[in-house]
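A.B. asks: just coords:
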DNA sequence: CGAGATAATTGCTACTAGCTATTACTGCAG
DNA sequence: CTGCAGTAATAGCTAGTAGCAATTATCTCG
């Protein structure tokens, strides 16, 4: 398959950017996989905070993710609770310590670089990256892991004056405004890409 | 330091893109660090093919890189030779096996995604990424590792009718057209960013 | 020539990932 | 309600990996 030199260079740049960000992650006592887990939990909704979901999201295995979360729990970054939906399952939540760490997430440094590089006009870069990721995911496994807002099962403003005005048609659950921006394992894009 | 949500999302997307590419790398018998080494050697000029240079480029340690290269050598992807410039140093070259592997580099898949996502108009995305990486590198360690073409020491067309018309003022070496596009450890950007 | 710096490698240690059981629970069929 | 195939999570085992520190060979400068 032919690839233009420009596209290839862009791929190289993404690779290098990520590597630089990763080297910043080493400074704490969290490894890259652990950072990824924290970031995921910070954005995932309450139906998607299980080891299995995280494993799917990270394209990793359940055994590995199990240990990652165990390590995070041991260090006090996450807490574990039983799932109300499935007795075999567990659900994780971030602790204040994790919130504090995320406020100093090395990824933020890349974000500031992006902001500077685009003079505050991030939209175009963001759009290109979004489309690219969508393509990549589509070819890899089809798991989108998008936000509820853009999901096929998302019903807008079903209960107008409620704190949870929206609704998930798949899980049959009320959703708040904040919920609608969280990542969900069940997400299926609403419209064709 | 405040960061816009858009910039942060862009950083997240880069992280995820890279992770997907990385999962593709597992399929062969080369790990991510080994892929990075091959990619580097494919683009580095003949003054920059040492373990130390690679370690700087990857922001890794020399010990680690030494093993990475040893493993690649054992598997037949790179060959080792003494350095003409420094008796302590060694220089690595890619074998045909490596060239063959690079033709199937998983990063190319990301590149095709980028190409599709931008409808062939990669320039803008590329520009944003270039600027971002420049910022990131500048803050991290200042090692640019750019191509000779954009180097302070690069002298254009000093020998007009030669196969090596250009010249490196620092190393005092003639450079071919191809040389001028390779990555060099010594590179210092010609103009202020 | 001698001293200090540098290139590369290797021993040691700690960590990490994947594979493969193993345990506990679910949900369906009869 | 009982058994059974399927799934969630985890632990044992193994192989591979990275970083640090020590070692050897070589360079450079006085």
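C.D. replies: The structure has been received and is ready for your questions. None of the values given here were measured: they were computed from a predicted structure.
A.B. asks: Strands of chain A, start to end?
C.D. replies: Secondary structure of chain A by DSSP state E: the strands cover A:78-82, A:90-94, A:154-155, A:166-168, A:173-175.
A.B. asks: would you turn these into CSV with mean neighbour count?
C.D. replies: In this view, the C-beta of every residue, glycine as well, is placed from N, C-alpha and C. Conversion of the strands of chain A to CSV gives the following (neighbours: other CB atoms under 10 Å in any protein chain shown):
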stretch, mean neighbour count
strand A:78-82, 14
strand A:90-94, 18
strand A:154-155, 18
strand A:166-168, 21
strand A:173-175, 19
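A.B. asks: can I get those strands in TSV with distance to chain B?
C.D. replies: Output for those, formatted as TSV (distance: least, CB to the nearest CB, whole Å):
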stretch	distance to chain B
strand A:78-82	19
strand A:90-94	16
strand A:154-155	19
strand A:166-168	20
strand A:173-175	20
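A.B. asks: mind listing what the most centrally placed residue in chain A touches?
C.D. replies: Nearest to the mean C-alpha position of chain A, counting by CA atoms, centre = their mean, stands residue A:40 at 4.2 Å. Counting by CB atoms under 8 Å, 6 or more residues apart in numbering or on different chains, residue A:40 touches A:54, A:57-58, A:183.
A.B. asks: Now for those residues: which two are most distant?
C.D. replies: A:58 and A:183 (12.2 Å; CB to CB).
A.B. asks: before we move on, the earlier item: which stretch among the strands of chain A comes nearest DNA strand D?
C.D. replies: Closest to DNA strand D of the strands of chain A is strand A:90-94 (CB to the nearest atom of the strand; 4.7 Å).
A.B. asks: by contact count, what packs against the closest one?
C.D. replies: helix A:32-43, strand A:78-82 (3 or more CB pairs under 8 Å, 6 or more residues apart in numbering or on different chains; DSSP states H and E).
A.B. asks: can you pull the pLDDT of residue A:45?
C.D. replies: pLDDT recorded at residue A:45 is 82.
A.B. asks: Does it touch residue A:187 like I think?
C.D. replies: No. Using CB atoms under 8 Å, residue A:45 makes no contact with residue A:187, being 9.5 Å away.
A.B. asks: quick one: low-confidence parts of chain A?
C.D. replies: Where chain A drops to pLDDT under 70, the residues are A:1-2, A:24, A:26-28, A:120, A:140-146, A:148-151, A:170-171, A:185-186, A:188-193.
A.B. asks: what's the longest helix in it?
C.D. replies: In chain A, with assignment by DSSP state H, the single longest helix is helix A:5-25.
A.B. asks: any idea of the angle that one forms with helix A:32-43?
C.D. replies: Here helix A:5-25 points in a direction 90 degrees away from that of helix A:32-43 (axes from the mean of the first three to the mean of the last three CA atoms, to 10 degrees).
A.B. asks: Just confirm yes or no for helix A:5-25 near DNA strand C.
C.D. replies: No. Helix A:5-25 lies out of reach of DNA strand C by CB under 7 Å from any atom of the strand, never closer than 10.5 Å.
A.B. asks: what's in contact with that helix?
C.D. replies: A:31-32, A:35, A:106-107, A:109-110, B:11, B:14-15, B:17-18, B:21, B:36, B:39, B:58-59, B:107-108, B:110-112, B:114-115, B:118, B:122-123, B:125-126, B:129-130, B:132-133, B:136-137, B:140.
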